[in-house]
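# Requesting a structural model of the entry that follows:
(chains A, B and C)
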Amino acid sequence: METFFFFFFATLSIAAAIAMITSRDTVNSALFLVVNLVAVAGIFLLLKAQFLAVVQVLVYAGAIMVLFLFVIMLLNLNSEERFFSEFRIKYGIAFILSVLMLSLLVYAVADATNTLPVLSPDSAHIGTVEALGDTLFVTYILPVLSTAILLTAAVVGALMLAQRKNSGKKES
Amino acid sequence: MDPLIFSILVMLAVVLLFMLPSAAVAVYAERRVSAFIQNRYGPNRVGPLGLFQPFADVIKLFFKEDIIPDKANRALYILAPMIPVATAIVTVAVIPFSEFVYITDLNIGVLFLLAVASLSVYGVTLAGWASNSKYSLLGGLRSAAQMISYELPMGVALASVILFAGSLSVVDIVGSQETWWNVFRNPIACIIFIVAAFAEANRTPFDLVEAEQELVGGFHTEYSSMKFGTFFLAEYMHVVIASMLITTFFFGGYHLPFAGYWLPEMGVIAKSVLDISVFLAKTTFWAFVFIWIRWTLPRFKFNQLMRIGWSRLLPLGIINFIVIAIILYYLG
Amino acid sequence: MLAEYGYVLMFLAIGCVFTAVTLLVAGLLRPNRPSPEKLMTYECGEEPVGSAWIQYNHRFYVIALMFLVFEVEVVLLFPWATVFQDMGWYAFWAMIVFVSLIFIGFLYELGKGALQWDKPQPQIPRYVEGVGVVPHHWKPESEVADVVGQPAANVSGSTQDTATE
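All right, here's what the predicted structure looks like:
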């Protein structure tokens, strides 16, 4: 049963990813990305990472993708061709970067196949919220606090950008 | 019988025998209560007291011609009405109806509810965008901004509920209210949650999404036939579910007031029957409040809506959370 | 544990299948006689002007960005809220500091007016001594005369308004 669901979610996420890249309409692309993220959340769930799975849906599919949709609608990128015609030079760089990324991934996957650890039955509790809370706020409290500073900086930075844009073309 | 097939049948029964009739009852109640408030008769011709009116409406919607505008994005236009109904039905899975009767008890139940709520934003937003009509787009955008804005106060209010329960499981949260309901222990979060629930369900005074005086029909301007019917169904399902969530998190779920102090031990069957009736009574009451408020209060303006969500409810919720955490840590 | 999530998945499946079947059945039952007028986008009976897919106010984007930041904060509150009573004072106050830090950033945003939605400026006619009721953009004659070299045109119109009242 678990294997079946793993293949179900894996196929779904890969299919959604391919559809996202090949889709002509940017809003359709964004929605395929939502499907992909939810399918990945399903895979997290099969790995017993409950908190991670739900955060994946809540933050990525729920918040970041709404932001993406807003940006797509804001920039009015209905025709993808028009968007890319303005960035033709970057095709080459994008190609090199994706080849690098792919080789890195292939290397990592090839390296890891023999070293998969055997999961003990206790590991089912690692993904629960309580276990995560204990680890996050006792062992890793400093990174969590720096996240807070980072988030605050992000808010202020985003505001600066938005306000500058606002004063630039007021009453447009 | 195979346990898997059996559980599927039970779930189908819950959905088809509980969710759909409750939505139908809510539609009927809305029309009767609004008629009562406005000193009219309301629907009273179809069946005794007009009880069959919802069925007549559904049959009418089934036979209406469906129109997909030429300029619309066809795939998304058809997909959009399915999203709110699916999210509404999924929500029921984690709500406990009784001490012994619940479908599933997730370790991360509360976050699951928030995640489903965050996905339901897509239904209305995509409907508005896919129609390619100006009214629909305005309605859809407003709804997206409104729903994400009120998700935060809702999340913070729920986080302060978790402080008392010490668990994200909805079953545990209801269990922790056996003696004291959360509305007594945490009244500010209760008010924030109720306001946010109204906003998430897109009900008056937060129904800017379909404000008929300015946006014709809002996000469903272009929708007709059963696709419109699906949105209509989803709206009333969300009213019922919001009532259930308010009951579950703040009004003790299936517990009678202070039940831990005086309620004697009972058998499983008797307790279940009592619990379910108490839960349904509370849910009905809150669904009534939803309808009552709709026909009593005027609609907010959009700037007021944003101001209430961001600069009133959210700071209030965060301060409430910190204060309760400190009190519980040093006194609890 | 996974079985619990299996129920959720089944509910999701039931929800999707239920709506799909409803729409499909309705599709079989209903008539279908489209005409160009029916398929036109509704715009109060007029011919629709352009597409609705246009650029809109960037404030929606700022709202979504703020939402994202706070969503991360709220999500981090939950694991802390489940275990905070068993933690030492250090971990407890660290989270309070975490929330306060983001809260300060939020107050900065509020102060900057990032979340203030545009309000239309009310254009209310006012009463001026000796002149009468004037439009909101009216200026005293002396100021206007300095710039343009002649009295403002709207003064005579406003005095007529006073007469009718």
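# Residue 39 - nearest residue in space that isn't next to it in sequence?
All of this refers to chain A. Among residues not flanking A:Ala39 along the chain, A:Ser13 sits closest, at 3.7 Å (C-beta to C-beta, 6 or more residues apart in numbering or on different chains). In short, each C-beta sits where N, CA and C put it, glycine included.
# Actually, chain C is the one I wanted.
B:Asp70 (4.4 Å).
# wait, what's in contact with the residue nearest to B:Gly217 when sequence neighbours are not counted?
Counting by C-beta to C-beta, 6+ apart, B:Gly217 lies nearest to B:Glu210, which is 5.9 Å off, once chain neighbours are set aside. By C-beta atoms under 8 Å, 6 or more residues apart in numbering or on different chains, the contact set of B:Glu210 is B:139, B:202, B:217-220.
# B:Val124: which of the residues you listed is nearest?
Nearest to B:Val124 out of the contacts of B:Glu210 is B:Phe219 (C-beta to C-beta; 5.0 Å).
# Next one, pLDDT for the closest one please.
B:Phe219 carries a pLDDT value of 79.
# The one 4 residues further on now?
Reading off the confidence values, B:Tyr223 has pLDDT 84.
# go on, the one 3 residues further on?
The predicted local confidence for B:Met226 comes out at a pLDDT of 84.
# and what of B:Leu245?
On the pLDDT scale, B:Leu245 gets 91.
# repeat for the one 4 residues further on
Per-residue pLDDT puts B:Phe249 at 90.
# any idea which helix or strand carries it?
Counting by DSSP states H and E, the element that carries B:Phe249 is helix B:225-250.
# ditto for C:Val133
With DSSP H and E as criterion, C:Val133 is part of strand C:132-134.
# mind checking how far that strand is from the chain centre?
Centroid separation for strand C:132-134 versus its chain: 36 Å, with C-alpha atoms, centre = their mean, to the nearest Å.
# who are the neighbours of that strand, in terms of helices and strands?
With contacts taken as 3 or more C-beta pairs under 8 Å, 6 or more residues apart in numbering or on different chains; DSSP states H and E, strand C:132-134 sits against strand C:126-128, helix C:154-164.
# Lowest mean pLDDT across those, which one is that?
Mean pLDDT is lowest for helix C:154-164 among those, at a mean of 43.
# Can you check what angle separates the longest helix seen in chain C from helix B:225-250?
For chain C, the longest helix by residue count, based on DSSP state H, is helix C:2-29. For helix C:2-29 against helix B:225-250, the angle by axes from the mean of the first three to the mean of the last three C-alpha atoms, to 10 degrees is 150 degrees.
# Please compute how far helix C:2-29 lies from its chain's middle.
How far helix C:2-29 lies from its chain's middle: 33 Å, per C-alpha atoms, centre = their mean.
# which other helices and strands contact that helix?
On a contact count with 3+ C-beta pairs under 8 Å, 6+ apart, helix C:2-29 meets helix A:26-46, helix B:3-14, helix B:53-62, helix B:82-92, helix B:225-250.
# please redo it, this time with the cut-off set to 6 Å
helix B:82-92, helix B:225-250 (3 or more C-beta pairs under 6 Å, 6 or more residues apart in numbering or on different chains; DSSP states H and E).
# Pipe those helices into CSV and attach mean neighbour count and distance to B:Pro48 per row.
Listed next are the helices and strands packed on helix C:2-29 as CSV, based on neighbours: other C-beta atoms under 10 Å in any protein chain shown; distance: least, C-beta to C-beta, whole Å:
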stretch, mean neighbour count, distance to B:Pro48
helix B:82-92, 24, 29
helix B:225-250, 25, 21
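# count of neighbours near A:Met101?
For A:Met101, the neighbour count with other C-beta atoms under 10 Å in any protein chain shown is 10.
# before we move on, the earlier item: closest to B:Ser243 out of the contacts of B:Glu210?
Distance to B:Ser243 across these (C-beta to C-beta) is lowest for B:Asn202, with 14.6 Å.
# just checking, that closest one touches B:Phe219?
No - the pair B:Asn202 and B:Phe219 fails to qualify as a contact (C-beta atoms under 6 Å) at a distance of 9.1 Å.
# between those two, what contacts are shared?
Common neighbours of B:Asn202 and B:Phe219 (criterion: C-beta atoms under 6 Å, 6 or more residues apart in numbering or on different chains): B:Val209.
# Of the two, which one has the most company?
Just comparing B:Asn202 and B:Phe219: by other C-beta under 10 Å the higher neighbour count belongs to B:Phe219, 32 against 24.
# Against A:Ala10, how distant is B:Ala201?
According to C-beta to C-beta, to the nearest Å, B:Ala201 and A:Ala10 sit 36 Å apart.
# next one: B:Pro257
Separation of B:Pro257 from A:Ala10 (C-beta to C-beta) stands at 50 Å.
# Please say which of B:Ala201 and A:Ala10 ends up with more neighbours.
Neighbours around B:Ala201 and A:Ala10, counted as other C-beta under 10 Å, are more numerous at B:Ala201. The numbers are 25 against 15.
# In contact with the spatially closest residue to B:Ser22 that is not a sequence neighbour, which residues are there?
For B:Ser22, ignoring the flanking residues on the chain, the nearest one in space by C-beta to C-beta, 6+ apart is B:Val240 at 4.8 Å. For B:Val240, the contacting residues are B:22, B:26, B:287, by C-beta under 6 Å, 6+ apart.
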